[in-house]
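1. below are the sequence and a predicted model for it; my questions follow.
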Amino acid sequence: MMKIFSFLILFLIGFSSYAQLDSVQHLNVVNINSIVLKKHSKGYKILKLSDSLIVNNTESFSSLLRYNTPIYIKEYGSGGTSTASFRGTSASNTAVVWNGININSINNGQTGFNSLNVSLFDNIDIRSGGGSIEFGSGAVGGTIHLNNDLHFGKYLKNELVASIGSFDTYHNLYKFSFGSKKTAVKFGFSYNESENDYKWLGYDLKNENGAYHNTDFSFNIAQKLSNFTKISFHSSKYTGSREFSGELPNPSAANEKYKDLSFQNLIDVNYNKNATSQRLKLAYLTQEYQYFANKNASSYSYGKSKRYLINYDFSYKITSNSSIESFTEYESTFGETDQMLEKNRRQFSQSFIFNQQVNTLGSFNAKLRKDFNSDYTMPVVFALGAELNTTKNTFVRVNGSRNYRVPSYNDLYWPALGNEDLIPESSYQAEIGVGYKTKNLQVDAGGFFIDTKDKIVWTPGGDPDRPGVWVPINFDKVLNKGLELTVIYKINLNKHYFNLNANYSYTISKDKITKELLPYIPKHLFNSNLGYSFKKINIFYQQLYTGKVFTTTDNSENYTVPAFSIGNLGGSYSLLKTTNSTLDLGLKINNLFNKAYQVLPGRPMPNRNINFNINYKF
């Protein structure tokens, strides 16, 4: 720990004197990915996580999503493996998009959210529903977009964060941003560790074998080559080690450990002149893991993958209200484990997107995509979306899409568990929503419908010859339907600022043959954040309710995770607040009412715990 703190102090001393000389000038922000997302999402709901929401949930990415989005997060104990279920779909049906490219794992087709650092991203956007064909055809539930902004203009900023919490939990972060007329640079470094040995409420036990530590590094640079051309480079590296927590009834028997590494690199060249825009992306991504059945032994099983990607985007503005865009992409992926020889999957994709603005009435877009995959024959997929402005403050949005997902390497080849007889899943999705928006209030309510054939699901009851063993199978037909409501309200009463962010989702995900609900999908999910600030004081309260979850395909009442409701309370005080510098002290109490709850069976979550943090920007 001392090395980390020394690192932060050296940067503090080295930059503080210079940083005080510069104030923020007019900035030209490089954030093309957010612009593209908004442009191509007519008829879809985009939930932008504000800076205040991110600051209030820096302990983990899982916590950020759990308390601020309609996404159900499945977590194997606090700090353990964490995946998303969006609108009742599988984790593989949620695409995580980093600076415009899909970074879901080659091997398991999903992203572990406890391997992402909240504070190293500048923009986090949640896009609900299918139709994100520019990021792949399998994102039926939705997409999560992580972007790094770069600023041209005279600019210099440093940020130091240090926090300490219950269960010997530590978090340290340093971020540096620099901008000039033609160059922009940003990098960040984060270190996290925890013994994670919290008590299990209701039991004379604690979370054993749950310790973790990880480091995360991010580097981003952009250069203006001319008035029309920019080139940027993004790189991110994560290394982590965590022990797999024990579970009831005997947590002390746990002795497993898991190490993982991910390395992402992206070159992005953008040319924009008159009616034409061109963009070329070159990406190289690698992932590795080591699994130790006995953390004290030197032997382990492993898996690794690498991915090469080239993407060319050409856009032409037909008129002031219409444009057509082409995405051409080729990728080659390699994956292997200690028990599986290296597999290579190649795919060429061609997509077209047409956008049309109809005066002040609204806008729509239409998308087509065709994939040529080395392992499977792929159909043409499509997406349609439209938004109609009915009155000054209200709108109606509709969208529909066809989606298609091929099995991942783990689905097919996981040693002793994979199923090489799996076939790709396909689905049709539709949604209609209404919205109301004023300066202080935003409301969005919608209903969705997803009809899936041959859905790939990992279940402990999938193979009758191996009861209790998790294996992937194809469900014949699955129907997902539900409602979502988002409310955002903010008001300033004589410099007393109040804000409310709330999400509610009602989801039914059912096997159309057996009429049973799919396991691990709650019907009801609600979260809210209420904030208040005045001068140097900021206070917030978070509430989460998650409904009962079945854990078996026959919906046995004997095997459920009970509904739970928990709350968090936090606040901060500004010791220093000037044009160039801020110094905030923060305190957060998680599980304020000390409720016993589980997200997954046999894995109790933390009791009441406290986190104290210092945030210095200069």
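-> All right, it came through fine. Numbers count the residues shown, from 1 in each chain.

2. test my guess that His603 contacts Thr81.
-> Just to correct that, residue 603 is Arg rather than His. No - if you go by Cβ atoms under 8 Å, Arg603 and Thr81 don't touch, sitting 10.7 Å apart. From N, CA and C alone the C-beta is placed, and that goes for glycine too.

3. compare these two and say which is more crowded by neighbours.
-> Arg603 (21 against 18; other Cβ atoms under 10 Å).

4. which residues of this protein fall in helices?
-> With DSSP state H as the criterion, the chain has helices at 2-19, 32-39, 51-55, 61-68, 409-413.

5. can I get the fourth one in CSV, CA atoms only?
-> Read that as helix 61-68. What follows is helix 61-68, C-alpha atoms only, in CSV (Å, rounded to 0.1, in the frame of the first residue of the first chain):
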residue,chain,number,x,y,z
PHE,A,61,-19.1,-1.4,-11.3
SER,A,62,-21.6,-4.0,-10.1
SER,A,63,-22.8,-1.5,-7.4
LEU,A,64,-23.1,1.3,-10.0
LEU,A,65,-25.4,-0.8,-12.2
ARG,A,66,-27.4,-2.4,-9.4
TYR,A,67,-28.4,0.9,-7.9
ASN,A,68,-28.8,3.1,-11.0
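
6. gap between that helix and the chain center?
-> Taking Cα atoms, centre = their mean, to the nearest Å, the mean C-alpha location of helix 61-68 is offset from the chain mean by 9 Å.

7. show me what it is packed against.
-> With contacts taken as 3 or more Cβ pairs under 8 Å, 6 or more residues apart in numbering; DSSP states H and E, helix 61-68 sits against helix 51-55, strand 72-75, strand 82-85, strand 524-534, strand 537-546.

8. so, low pLDDT: which residues of the stretch 201-350 of the chain?
-> Residues of the stretch 201-350 of the chain that meet the criterion pLDDT under 70 are absent altogether.

9. do that again at 90, thanks
-> 202, 204, 244-254, 303, 320, 335-342 (pLDDT under 90).

10. now the strands for it?
-> 205-206, 212-224, 229-243, 257-273, 276-292, 301-319, 322-337, 340-358 (DSSP state E, counting those that start in this stretch).

11. export those strands to TSV and tack on mean neighbour count and distance to Val434?
-> Output for these, formatted as TSV (neighbours: other Cβ atoms under 10 Å; distance: least, Cβ to Cβ, whole Å):
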stretch	mean neighbour count	distance to Val434
strand 205-206	16	48
strand 212-224	19	38
strand 229-243	19	37
strand 257-273	18	35
strand 276-292	18	33
strand 301-319	16	29
strand 322-337	18	26
strand 340-358	16	18
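
12. now tabulate the ones you listed in a markdown table and tack on distance to Pro379.
-> Below are the strands of the stretch 201-350 of the chain laid out as a markdown table (distance: least, Cβ to Cβ, whole Å):
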| stretch | distance to Pro379 |
| --- | --- |
| strand 205-206 | 51 |
| strand 212-224 | 37 |
| strand 229-243 | 33 |
| strand 257-273 | 29 |
| strand 276-292 | 25 |
| strand 301-319 | 21 |
| strand 322-337 | 17 |
| strand 340-358 | 13 |
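
13. got the CA coordinates for the longest strand anywhere in the chain in PDB?
-> Secondary structure assigned by DSSP state E gives strand 471-493 as the longest strand of the chain. C-alpha atoms of strand 471-493 as PDB (Å, rounded to 0.1, in the frame of the first residue of the first chain):
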ATOM      1  CA  VAL A 471     -24.400 -27.200 -18.400                       C
ATOM      2  CA  PRO A 472     -25.600 -25.100 -21.500                       C
ATOM      3  CA  ILE A 473     -28.700 -26.200 -23.300                       C
ATOM      4  CA  ASN A 474     -31.000 -24.700 -26.000                       C
ATOM      5  CA  PHE A 475     -34.500 -23.800 -24.700                       C
ATOM      6  CA  ASP A 476     -36.900 -24.400 -27.600                       C
ATOM      7  CA  LYS A 477     -38.800 -21.100 -27.300                       C
ATOM      8  CA  VAL A 478     -38.500 -18.400 -24.700                       C
ATOM      9  CA  LEU A 479     -40.800 -15.300 -24.400                       C
ATOM     10  CA  ASN A 480     -39.600 -12.200 -22.500                       C
ATOM     11  CA  LYS A 481     -42.000  -9.400 -21.900                       C
ATOM     12  CA  GLY A 482     -42.200  -6.500 -19.400                       C
ATOM     13  CA  LEU A 483     -42.400  -2.900 -18.500                       C
ATOM     14  CA  GLU A 484     -39.800  -0.300 -17.600                       C
ATOM     15  CA  LEU A 485     -40.100   3.100 -16.000                       C
ATOM     16  CA  THR A 486     -37.400   5.700 -15.500                       C
ATOM     17  CA  VAL A 487     -37.900   9.000 -13.700                       C
ATOM     18  CA  ILE A 488     -35.300  11.800 -13.400                       C
ATOM     19  CA  TYR A 489     -36.200  14.900 -11.400                       C
ATOM     20  CA  LYS A 490     -34.000  17.900 -10.300                       C
ATOM     21  CA  ILE A 491     -34.800  21.300  -8.900                       C
ATOM     22  CA  ASN A 492     -33.000  24.300  -7.400                       C
ATOM     23  CA  LEU A 493     -34.700  26.000  -4.500                       C
END
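
14. strand partners of it, parallel vs antiparallel please.
-> strand 441-459 (antiparallel), strand 496-511 (antiparallel) (DSSP bridges).

15. please identify the deepest-packed of the helices and strands packed on helix 61-68.
-> Greatest average neighbour count among these goes to strand 82-85 (a mean of 24), per mean count of other Cβ atoms under 10 Å.
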